[in-house]
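Colleague: attaching a predicted model along with its sequence, questions to come.
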Amino acid sequence: MSELKRILVLCTGNSCRSQIAEGYLRYFAQDKADVYSAGVETHGVNPRAIAIMQEGGIDISGHTSNNVDEYLGIEFDFVITVCDHAKERCPIMPGNAQKFHHNFPDPAKVTGTEDEIMQQFRQVRDLIQNYCEAFVNEHVCECVR
C-alpha cells in the first residue's frame, strides 16, 4: 500500500481558487491524499466559492481560511500555487515538495451583475476542476471518477 500523498494548495487569500482546488483534489484523490490549502494572507472562505462548489455537489462550507505559516512543520509531496502572487511570495517549504504552478483568474475581482460574477466563478471553477482531475491522475493515483 502506498503512502498517502500530502498536497498543499497556495493562493493569495485562501478564499476562492485554493479552496476550490482543495475541494476538487480531495474529491478526485479520494483517500489517497491529505489535501490542505492556505494563503500568504487569510481572507475567509468566499461565499460564492462555496455556492458554486455546492452546485457540483462538493461541500466546502466547512473549510477554513488558513495562513501558509500554519503548515511550515509539515512535509508536503506537492505544493501547488494557483496564482502568480502566491508563487512570488511562497515561503520555502520544508522537505522536497515538488512545486507546480497554474495562474487561474481571480473570480473575486470580477465586477458586474450578480449573474455575471457567478458566471466567472463557474468558469474558474471548471478550469480548476479540469486541472485537479489531471493532476490527481498524473501524480497521485488513477482513481478519478
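Modeller: On my side now, so go ahead. Numbers count the residues shown, from 1 in each chain.

Colleague: residue contacts, the nearest residue to residue 127 once chain neighbours are set aside?
Modeller: Setting aside the residues directly before and after it, residue 127 is nearest to residue 104 in space (Cβ to Cβ, 6 or more residues apart in numbering), at 5.8 Å. The way it works is simple: take the backbone N, C-alpha and C, and place the C-beta from them, glycine included. Counting by Cβ atoms under 8 Å, 6 or more residues apart in numbering, residue 104 makes contact with 17, 82-83, 124, 127-128, 131.

Colleague: so which strand or helix has residue 104?
Modeller: Here residue 104, judged by DSSP states H and E, is contained in no helix and no strand.

Colleague: how confident was the prediction at it?
Modeller: Predicted confidence (pLDDT) for residue 104: 96.

Colleague: lowest-pLDDT helix or strand in the protein?
Modeller: helix 84-89 (a mean of 72; mean pLDDT, DSSP states H and E).

Colleague: which residues in the chain form helices?
Modeller: Along the chain, counting by DSSP state H, helices occupy 17-29, 47-55, 84-89, 114-135.

Colleague: pipe the ones you listed into CSV and attach mean neighbour count per row.
Modeller: CSV is the format used below for the helices of the chain (neighbours: other Cβ atoms under 10 Å):
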stretch, mean neighbour count
helix 17-29, 26
helix 47-55, 18
helix 84-89, 17
helix 114-135, 17
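
Colleague: could I get those as a markdown table with distance to residue 40?
Modeller: Formatted as a markdown table, these follow (distance: least, Cβ to Cβ, whole Å):
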| stretch | distance to residue 40 |
| --- | --- |
| helix 17-29 | 10 |
| helix 47-55 | 18 |
| helix 84-89 | 5 |
| helix 114-135 | 18 |
